[in-house]
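In: following is a predicted model, sequence given first.
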Amino acid sequence: MTETVLSVGIDIGTSTTQLVFSALEIENTAGVASVPRISVVDKRIVYRSAIHFTPLLSSTVIDAEGVRRIVEAEYRAAGMDREKISAGAIIITGETARKENAETLLRSMEGLAGDFVVATAGSDLESILAGKGSGAAAYSKRERTSVVNFDIGGGTTNVAIFRNGEVTDTTCLDIGGRLVRLDPKTAVVEYIAPGLAPVISSLGLPLTEGKTASVDDLEHLSRRMAAFFDELMGLAPRSPLFESMLTAHDFRSGDRTAKHAFFSGGVADGIAGVPDGGPFVYGDIGILLGQAVRWTETYRTLDVVQAEETIRATVVGAGSHSLEISGSTIGFSDESVFPLKNLPILKLTEEDERNSLGHALLEKLHWFKDSSGRQRTVAVSFRGVENPSFDEVQRIAEDLHDGLSEYLTHSDKVILVVERDMAKALGYALRSRLGDGKKVVSIDGIKVENGDYIDIGKPLAKGRVLPVVIKTLVFGG
């Protein structure tokens, strides 16, 4: 039996704000005599919004009410009822994420996306979603190859490497088409992002706010900005300025190689050519930056594959690819706890499971205390046992109960995230050991790591499945 879940993606970027609505088909893919395995079997975009310029009150403040009006108008145009939206993501990207009222905007937007939605501004997650929305992840899996996706937006470039369909690394550069804004008719510079000052100075360019800029100077700057892609990928020596271009962190893996390249984001549309309105038609250097990409070693050396989505890649990723399903053997004692949002993951190692799971849990929970010593609610993750016996389930439940003894004096919720199919039995076994008022959520089929955060939505498919979004913030080497 198939069930349709409606999902929304809302991307509030440096340049543009847009929405997509997707229909996700959920189905039990297991055999009749097998344990149910509920999976997303199909994804269809059912509505694409217009692309709106993100309204700002100043260079540091987002017009939150203006953004909300855009989103509400698009809901009406799509004929969508917010109460029917079950999943999705609101993503604040690029420079917009750094505006001083970004968190206020996120809080004001949550009511427009149903009861379950992830709101985030993490560049790692943006890189992953853009790579999925552009088609890079699927191409990597289908062709069993390595692909790097550059999502070049107004304020930043999110980069993700996929190998055989799996994301292996991410990073983000402060390179985007709206970092220099100018009057389309007079070419008078209206804004230069502070982070570009060292690059402009190193080139000796006379670019100043309030002064007319020449096309040659802006082309020179754009080519230097694009050349940082070569430095990132190891195709050119890294300059002293490279570190200052990193938004948060470099690639964490030593292997930066890729056979194929995808380019998405609004600037990617400028790679193909200059539109009829000229290079400054959008009041920025986005077209020139897109043209400059063609001169890079990255573009000339790697096999460039046309992206399925360019300017919409992140919003399509947010609306269609942010959701995972846990539904093999889930268990929860109280539906009122959902949705659960922004739970940090405490991942126990296989060695912890073999030796002393309870002791390891007791020790590692201290990682999640604030400066005053108050314990934060976490999601405890571990691999689990394949086809466990009754005794094995009881032993793990007892170990968990011992390890959670101090934690349970501060929290009334226990959230377990297990990779193998044993969550329902384990949840029952743990619940029988807890006192009244303690709530247990136990899900499986989900793989997470330390440094991740997880959101768990309200039950779907008549309580048989839970929608899950993993917000990956850190990748290991």
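Out: Good, I have the coordinates.

In: for V46, the count of nearby residues, please.
Out: Applying other Cβ atoms under 10 Å, we find 15 residues neighbouring V46. Placement of C-beta: from N, CA and C, glycine included.

In: might one say that it is in contact with E25?
Out: No - V46 sits out of contact with E25 when judged by Cβ atoms under 8 Å, with a separation of 11.8 Å.

In: same question for stretch 385-400, mean pLDDT?
Out: Stretch 385-400 shows a mean pLDDT of 92.

In: what comes up buried for it?
Out: Under the neighbour-count criterion of 16 or more other Cβ atoms under 10 Å, stretch 385-400 has V385, P388, V393, Q394, I396, A397, D399, L400 buried.

In: same check, this time on stretch 354-370
Out: Neighbour-count burial for stretch 354-370 [16+ other Cβ under 10 Å]: L357, G358, A360, L361, L362, K364, L365.

In: doesn't the last one belong to a strand?
Out: Going back to what we said before, that points to L365. No - the assignment for L365 by DSSP: H, G, I helix; E, B strand; the rest coil gives helix, which leaves it out of any strand.

In: okay, it: pLDDT?
Out: pLDDT, L365: 89.

In: ok, now which ones touch it?
Out: Taking Cβ atoms under 8 Å, 6 or more residues apart in numbering, we find L365 in contact with L346, Q375, V378, G403, L404, E406, Y407.

In: count the neighbours of S123 for me.
Out: Using other Cβ under 10 Å, S123 is surrounded by 24 other residues.

In: what mean pLDDT would you report for the lengthiest strand in the chain?
Out: Counting residues, the longest strand in the chain under DSSP state E turns out to be strand 16-28. Strand 16-28 shows a mean pLDDT of 84.

In: re earlier: kindly indicate which of the buried residues of stretch 385-400 lies nearest G283.
Out: Proximity of those to G283 (Cβ to Cβ) peaks at L400, which lies at 57.1 Å.

In: if I pick that closest one, what's in contact with it?
Out: By Cβ under 8 Å, 6+ apart, the contact set of L400 is L357, G358, L361, V380, V414, L416, L426, L430.

In: what's the closest of those residues to S86?
Out: L416 (22.7 Å).

In: element containing the closest one, please.
Out: Element membership for L416, per DSSP states H and E: strand 413-418.

In: let me see the mean pLDDT of that strand.
Out: Per-residue scores along strand 413-418 average to 92.

In: buried residues, the next helix or strand after that strand. List them.
Out: Using DSSP H and E, the helix or strand that follows strand 413-418 towards the C-terminus is helix 423-431. For helix 423-431, the neighbour count (16+ other Cβ under 10 Å) marks A423, K424, A425, L426, G427, A429, L430, R431 as buried.

In: which of the residues you listed lies closest to A193?
Out: A423 (46.9 Å).

In: remind me what the longest helix belonging to the chain packs against, helices and strands.
Out: Longest helix of the chain, by residue count under DSSP state H: helix 215-232. Using 3 or more Cβ pairs under 8 Å, 6 or more residues apart in numbering; DSSP states H and E, the elements in contact with helix 215-232 are strand 166-173, helix 197-203, helix 242-245, helix 286-293, helix 297-301.

In: now the helices for the stretch 101-250 of the chain?
Out: 102-109, 123-134, 136-143, 197-203, 215-232, 242-245 (DSSP state H, counting those that start in this stretch).

In: and of these, who's closest to F263?
Out: Short answer: helix 123-134, nearest of these by Cβ to Cβ, at 8.1 Å.

In: now do the closest one: distance to the chain's middle.
Out: 6 Å (Cα atoms, centre = their mean, to the nearest Å).

In: then stretch 176-189?
Out: Worked out by Cα atoms, centre = their mean, stretch 176-189 lies 29 Å from the chain centre.

In: cool, stretch 354-372 as well?
Out: Offset of stretch 354-372 from its chain centre (Cα atoms, centre = their mean): 27 Å.

In: now do the same end-to-end measure for that stretch.
Out: 33 Å (Cα to Cα, to the nearest Å).

In: one more: stretch 304-311?
Out: End-to-end distance for stretch 304-311, by Cα to Cα: 17 Å.

In: ok, residues contacting that stretch?
Out: The contact list for stretch 304-311 (Cβ under 8 Å, 6+ apart) reads 16, 18, 51, 133-136, 139, 147, 149, 260-266, 268-269, 313, 316.

In: what about those, which are in strands?
Out: Residues of the contacts of stretch 304-311 located in strands (DSSP E): T16, Q18, V147, N149, H260, A261, F262, F263, S264.

In: show me the domain layout of the protein.
Out: Structurally, the chain divides into domains by automatic domain parsing as follows: 2-121, 126-317, 324-471.

In: worst mean pLDDT among those?
Out: Looking at the domains of the chain, the bottom one is domain 2-121 with a mean of 78.

In: excluding sequence neighbours, find me the nearest residue to F228.
Out: Of all residues not flanking F228 in the chain, M245 sits nearest, at 5.2 Å (Cβ to Cβ, 6 or more residues apart in numbering).

In: surely the one you found touches L173?
Out: Yes - the criterion here is Cβ under 8 Å, and M245 meets it with L173 at 5.0 Å.

In: identify the contacts common to these two.
Out: Common neighbours of M245 and L173, counting by Cβ under 8 Å, 6+ apart, are F228.

In: contacting residues around the residue nearest to L235 when sequence neighbours are not counted?
Out: Computed as Cβ to Cβ, 6+ apart, the closest residue to L235 that is not its neighbour in sequence is E297, at 4.1 Å. Neighbour list for E297: D230, M233, L235, A236 [criterion: Cβ under 8 Å, 6+ apart].

In: who wins on neighbours among these?
Out: When neighbours are taken as other Cβ under 10 Å, the top entry among these is M233 (22 neighbours).

In: surely it and Y299 touch.
Out: No - M233 is not in contact with Y299 according to Cβ under 8 Å; the separation is 10.6 Å.

In: about what we covered before: closest to L182 out of the buried residues of stretch 385-400?
Out: Closest to L182, out of all of the buried residues of stretch 385-400 and judged by Cβ to Cβ, is L400, at 59.7 Å.

In: could you measure from the closest one over to I90?
Out: 33 Å (Cβ to Cβ, to the nearest Å).

In: repeat that for S372.
Out: 30 Å.

In: quick revisit: from the contacts of L400, pick the one nearest E3.
Out: For the contacts of L400, the nearest to E3 is L416 (25.1 Å; Cβ to Cβ).
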